[in-house]
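Colleague: Okay, here's the prediction I keep looking at, along with the sequence it came from:
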Amino acid sequence: MCTSITYHTQDHYFGRNLDYERSYGEKITITPRDFVFSLRHEGELSHHYAIIGMATVISNFPLYYDATNECGLSIAGLNFSGYAQYSSTTTASSADRTNAKVTSFELIPWLLGTCKDVRTARAALEGLTITDESFVESLPASPLHWMIADRDECIVYEYTKDGGKIYENPVGVMTNNPSFDYHMTHLQDFLHVSHGPLMNNLLSGTSVEPYSRGMGAMGLPGDLSSASRFVRAAYTKLNSLSDADEASSVQQFFSILDSVAQAKGCCYLGDDADGHPQYEYTLYSSCCNVDKGIYYYKTHENSHITAVNLFHEDLDSTTLKIFPLEREWKPTFSN
Ligand SMILES: C[C@H](CCC(=O)NCCS(=O)(=O)O)[C@H]1CC[C@H]2[C@@H]3[C@H](O)C[C@@H]4C[C@H](O)CC[C@]4(C)[C@H]3C[C@H](O)[C@]12C
């Protein structure tokens, strides 16, 4: 399970929880403007917007999970297993070929490399074909859907057996299965939840009264399912208050993500082939200030916030800049 959100104070923020049972060796990766992407169907992308995000780098290719470009356009890939269905390269129709064609692992660099905002991304996605090739045989294409946002707009892009579909996302939240339209319909079941006190509609004027603060939100789902996380993240984000400065905004962003984070042990997946129990948990949480190009993150092992600034690097270079995650736990002692 994964959850991504946008957040706006004086700057705009975009990030996610990455929940899974294993890591793929992800690192913060900056792709400078002149790094050459050799795309499977679209040739070489050799001069493009610079990108910062979380990626596994294999054979000098950044396989991004979530990222932001120098213009502030952001995207996160979230599991959409059983629903995502990419076009087979052998059966892609001639109509597909009239428009751009990218593999699922190329979508993030292609979109962020060439689009400056959601408006241009939407145009690029119209008629796009996502093909099902693997990056390498050992890493089959991941079944994903994507949340895409800039300072003003947020959309979700899903590619299923019916082709590509773009949804407006007025909530700025995304999780996993099923499709985005289900989450928006499901959200309607919770329009009554409130940050205020519980309204006593049943026994008002008697001694039977709400016994606790926070009861206005009674009914808010607390489980880890994607549908429940969508509602809970939306509730927390839409009620969220913070000062506009960077520290308050980033802290608050991580508080929202914490409301849907998965503590290890709570989501058992069964045992692996060697009999070891597998659990899904939050591997990392990220928060990118997309106006300043600063990617903040914390990991399961180390909840201290670490940051990498896109604009502190030479963005006219041709080589990837890779920052291993700070996973070591280093508490600060007060005495
Ligand atoms: C597992 C990740 C999504 C996390 C998530 O949504 N979890 C919920 C799982 S579930 O619904 O509850 O089952 C996804 C997000 C980005 C994915 C990675 C990126 O797409 C980049 C490459 C793409 C390659 O095809 C596969 C390896 C990979 C390195 C992917 C591995 C994995 O599928 C990642 C890390």
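Modeller: Sure thing, it's come through.
Colleague: so what's the backbone phi/psi at residue 53?
Modeller: Note on residue 53: its backbone torsions stand at phi 180, psi -170 [degrees, to the nearest 10].
Colleague: Next: residue 298.
Modeller: The phi/psi pair for residue 298 (degrees, to the nearest 10) reads phi -140, psi 160.
Colleague: Am I right that it is in contact with residue 307?
Modeller: No - the pair residue 298 / residue 307 is not scored as a contact, 10.3 Å apart, by CB atoms under 8 Å. Just so you know, the C-beta spots here come from the backbone N, C-alpha and C atoms, and that holds for glycine as well.
Colleague: higher neighbour count, these two?
Modeller: Set side by side, residue 298 and residue 307 show more neighbours around residue 298, with 21 against 17, by other CB atoms under 10 Å.
Colleague: Do you know the pLDDT at that one?
Modeller: Residue 298 is assigned a predicted lDDT (pLDDT) of 98.
Colleague: what pairs with it across the strands?
Modeller: Beta bridges link residue 298 to residue 285 when assigned by DSSP bridges.
Colleague: Just the CA trace of stretch 116-123, in PDB.
Modeller: Output of stretch 116-123 as PDB, limited to C-alpha atoms (Å, rounded to 0.1, in the frame of the first residue of the first chain):
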ATOM      1  CA  LYS A 116       6.400  21.900 -17.200                       C
ATOM      2  CA  ASP A 117       3.000  21.600 -15.600                       C
ATOM      3  CA  VAL A 118      -0.200  19.600 -15.400                       C
ATOM      4  CA  ARG A 119      -1.600  21.300 -18.400                       C
ATOM      5  CA  THR A 120       1.200  20.200 -20.600                       C
ATOM      6  CA  ALA A 121       1.300  16.700 -18.900                       C
ATOM      7  CA  ARG A 122      -2.400  16.300 -19.600                       C
ATOM      8  CA  ALA A 123      -1.800  17.000 -23.300                       C
END
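Colleague: give me the number of residues near residue 208?
Modeller: Neighbours of residue 208 using other CB under 10 Å come to 10.
Colleague: swap that for residue 328, please
Modeller: For residue 328, using other CB under 10 Å, the count is 9.
Colleague: which one is it nearest to, not counting chain neighbours?
Modeller: Nearest in space to residue 328, with sequence neighbours left out and distances taken as CB to CB, 6 or more residues apart in numbering, is residue 302 at 6.1 Å.
Colleague: element containing the one you found, please.
Modeller: Counting by DSSP states H and E, no helix or strand carries residue 302.
Colleague: What is the neighbour count of it?
Modeller: Residues near residue 302, counting by other CB under 10 Å, number 17.
Colleague: Contacts only, for it.
Modeller: 326-330 (CB atoms under 8 Å, 6 or more residues apart in numbering).
Colleague: what's the closest of those to the ligand?
Modeller: Comparing those against the ligand with CB to the nearest ligand atom places residue 327 closest, at 16.4 Å.
Colleague: ok, now which ones touch that closest one?
Modeller: Under the criterion of CB under 8 Å, 6+ apart, the neighbours of residue 327 are 299, 301-302.
Colleague: what's the closest of those residues to the ligand?
Modeller: Nearest to the ligand among these, with distances taken as CB to the nearest ligand atom, is residue 299, at 14.1 Å.
Colleague: Please look at the closest one and residue 325 and confirm they touch.
Modeller: Yes - in this structure, residue 299 is within contact of residue 325 by CB under 8 Å, at 5.6 Å.
Colleague: okay, and the common contacts of these two?
Modeller: Shared contacts of residue 299 and residue 325 (CB under 8 Å, 6+ apart): residue 284.
Colleague: picking that back up, tell me how far the residue nearest to residue 328 lies from residue 65.
Modeller: Here the criterion is CB to CB, to the nearest Å. By it, residue 302 lies 18 Å from residue 65.
Colleague: try residue 158
Modeller: Taking CB to CB, one finds residue 158 at 17 Å from residue 65.
Colleague: So between the two, which is more surrounded?
Modeller: residue 65 (26 against 22).
Colleague: Give me the average confidence score over stretch 184-193.
Modeller: Stretch 184-193 comes out with an average pLDDT of 98.
Colleague: can you pull the buried residues of it?
Modeller: 184, 186-187, 190, 193 (16 or more other CB atoms under 10 Å).
Colleague: Near the ligand, which residues of this protein? Just list them.
Modeller: 1-2, 18-20, 24, 56, 63, 65, 77-79, 81, 105, 135, 139, 141-142, 176-177 (CB under 6 Å from any ligand atom).
Colleague: Which members of those are classed as buried?
Modeller: So, by 16+ other CB under 10 Å, the buried ones in the residues of the chain next to the ligand are 1-2, 18-20, 56, 63, 65, 77-79, 105, 135, 141-142, 176-177.
Colleague: among these, which are in helices?
Modeller: The members of these all map outside helices under DSSP state H.
Colleague: where are the low-confidence patches of the protein?
Modeller: 1, 90-98 (pLDDT under 70).
Colleague: where do the strands sit along the stretch 1-150 of the chain?
Modeller: Counting by DSSP state E, counting those that start in this stretch, the stretch 1-150 of the chain has these strands, from start to end: 2-8, 12-20, 27-31, 37-39, 43-45, 51-58, 61-69, 74-79, 101-103, 129-131, 144-149.
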